[in-house]
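Student: Sharing a model prediction with you, sequence too.
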Amino acid sequence: GSHILSVSQFDRDAISRILEVSARMAPYAARKKRCHVLDGAILNNLFFEPSTRTRVSFGTAFNLLGGYVRETVGEENSSLSKGESLFDTAQVLSGYSDVIAMRHPKILSVEEFSKGSTVPVINGGDGANEHPTQALLDLFTIESEMAPFGKGLDDLNIVLMGDLKHGRTVHSLSKLLSLYNNLKITLVSPKALQMPDNVVSILSNAGHRVEITDELGANLACDVIYQTRIQQERFADKAEADLYRGHFSLNKQVYQKYCKENTVIMHPLPRDSRPEANELDVDLDDMHNLAIFRQAQNGVLVRMALFALTLGVEDKLSEFEQPVHW
Ligand code: CP
């Protein structure tokens, strides 16, 4: 198997395959059946930045396929803090693993690490650069949320909103969306937090209609709104991040004023629940169109699929199926 470092490594056929295998993971993720196709395999989860969903869903996905998970959390608990290089760390830890998932605050750090690894390395987020597995689960979510409306991944009207400069999930998702046809993409953010030019170019070069704005309005009457968090950890300090809060708050009042009846709301989470953040109000929580927790749950399916594909067992699932005994 090969590393998963960037969404740019996938074409539309590869994505279809990932989404199709992800859907086949549903009965195992729902504990209706077991599938221990990775019996005895070892995942090392290396998280040098905080994470709830990515780390735990990688681990859960691997466990659901029968594998063991070991974790290193925080650079201070690793010999990286003694000056060991990512390359040497990879040489050592890949000897202990069948696959490695890693998150690190530095751009391209996971790629650097992968050069020293003898086993597949999966990028769980490298600084503000990329978060490929999140973008894949986002795409899976868009596909499954649009299906009831008879829509696929082409011809959609999608709003990406928030801290588009630092949000690595929207960078990766935009690259994936460039593989589809005839999209309208509206990029809503404060001017200082606009989507990087190279990502805008990728979307325009794909032939999509791209609109850049700092205002919420009629442009929210779309199929999907993808809200993001102010990435406070990428700013000099909290005071600087606070300057931009409230510029793109999504709450029920805004939703009812501007959105369509069926506009689906997504967010990679975590949602910043501090009152001053107010990026995605809890008053939306009773709406079925709020897909955020289905989206997070889809992370298990997609990460199961990525492990199965990376380790080459995606066609053996039914062979290793077992009943649930509890
Ligand atoms: N969406 C996401 O990456 O969440 P975590 O930071 O909790 O992993």
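Tutor: Arrived safely. Numbers count the residues shown, from 1 in each chain.

Student: Contacts only, for residue 142.
Tutor: Shown in contact with residue 142 (C-beta atoms under 8 Å, 6 or more residues apart in numbering): 153, 156, 158, 224, 264, 266. For every residue, glycine as well, the C-beta is placed using N, CA and C.

Student: where does the residue in the stretch 151-300 of the chain that the ligand sits nearest to land in three-state SS?
Tutor: Among the residues of the stretch 151-300 of the chain, residue 268 lies nearest to the ligand; the distance is 3.9 Å by C-beta to the nearest ligand atom. Using DSSP: H, G, I helix; E, B strand; the rest coil, the secondary structure recorded for residue 268 is coil.

Student: dump the residue contacts of it.
Tutor: Residue 268 touches 131, 134, 138, 167, 169, 228-229, 295, counting by C-beta under 8 Å, 6+ apart.

Student: So which bits of this protein are right by the ligand?
Tutor: Proximity of the chain to the ligand, by C-beta under 6 Å from any ligand atom, involves residues 51-55, 134, 268-270.

Student: Can you pick out the most distant pair from those residues?
Tutor: For the residues of the chain next to the ligand, the farthest-apart pair by C-beta to C-beta is 55 and 268; their separation is 13.9 Å.

Student: Helices along the stretch 51-200 of the chain, start to end?
Tutor: With helices called from DSSP state H, counting those that start in this stretch, the stretch 51-200 of the chain shows them at 53-64, 86-94, 109-114, 132-146, 168-177, 197-205.

Student: which residues does residue 153 contact?
Tutor: Per C-beta under 8 Å, 6+ apart, neighbours of residue 153: 139, 142-143, 146, 180.

Student: CSV please, covering those residues and showing distance to residue 196.
Tutor: Shown next, in CSV, are those (distance: C-beta to C-beta, whole Å):
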residue, distance to residue 196
139, 20
142, 22
143, 26
146, 27
180, 20
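
Student: got a winner among those residues for most neighbours?
Tutor: residue 142 (26 neighbours; other C-beta atoms under 10 Å).

Student: one step back: among the contacts of residue 268, name the buried ones.
Tutor: Among these, those buried by neighbour count (16 or more other C-beta atoms under 10 Å) are 131, 134, 138, 167, 169, 228-229, 295.

Student: tell me which of the contacts of residue 153 is nearest to the ligand?
Tutor: residue 139 (14.0 Å).

Student: Pull up the per-residue confidence for the spatially most central residue of the chain.
Tutor: Nearest to the geometric centre of the chain sits residue 134, at 1.1 Å (C-alpha atoms, centre = their mean). On pLDDT, residue 134 comes in at 97.

Student: need the contact list for the closest residue to it other than its chain neighbours.
Tutor: Nearest residue to residue 134, sequence neighbours excluded (C-beta to C-beta, 6 or more residues apart in numbering): residue 169, at 4.7 Å. By C-beta under 8 Å, 6+ apart, the residues touching residue 169 are 131, 134-135, 138, 228, 268.

Student: can you check residue 174 too?
Tutor: Counted by C-beta under 8 Å, 6+ apart, residue 174 has contacts 160, 185, 195, 199, 202-203.

Student: Make sure residue 303 is indeed in a helix.
Tutor: Yes: assigned with three-state DSSP, residue 303 falls within a helix.

Student: count of residues packed around residue 130?
Tutor: Other residues close to residue 130 by other C-beta under 10 Å number 25.

Student: distance of it from the ligand?
Tutor: Per C-beta to the nearest ligand atom, to the nearest Å, residue 130 is found 12 Å from the ligand.

Student: what's the answer for residue 35, then?
Tutor: 24 Å.

Student: by contact count, what packs against the lowest-mean-pLDDT helix or strand in the chain?
Tutor: Every helix and strand in the chain was compared by mean pLDDT, DSSP states H and E; the lowest is helix 238-242, with a mean of 87. With contacts defined as 3 or more C-beta pairs under 8 Å, 6 or more residues apart in numbering; DSSP states H and E, helix 238-242 has no helix or strand neighbours.

Student: Contacts for it, please.
Tutor: In contact with helix 238-242 (C-beta under 8 Å, 6+ apart) are residues 230-232, 235, 276.

Student: mind redoing it with 10 Å?
Tutor: By C-beta atoms under 10 Å, 6 or more residues apart in numbering, the residues outside helix 238-242 that reach it are 163, 166, 192-193, 229-235, 272, 276-277.

Student: which parts of that helix are buried?
Tutor: Buried, per 16+ other C-beta under 10 Å, within helix 238-242: residue 241.

Student: returning to what we had before: can you give me the pLDDT of the residue nearest to residue 134?
Tutor: For residue 169, the predicted pLDDT is 92.

Student: rewinding a little: take the helices of the stretch 51-200 of the chain and lay them out in a markdown table including distance to residue 260.
Tutor: A markdown table is the format used below for the helices of the stretch 51-200 of the chain (distance: least, C-beta to C-beta, whole Å):
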| stretch | distance to residue 260 |
| --- | --- |
| helix 53-64 | 28 |
| helix 86-94 | 46 |
| helix 109-114 | 38 |
| helix 132-146 | 13 |
| helix 168-177 | 19 |
| helix 197-205 | 22 |
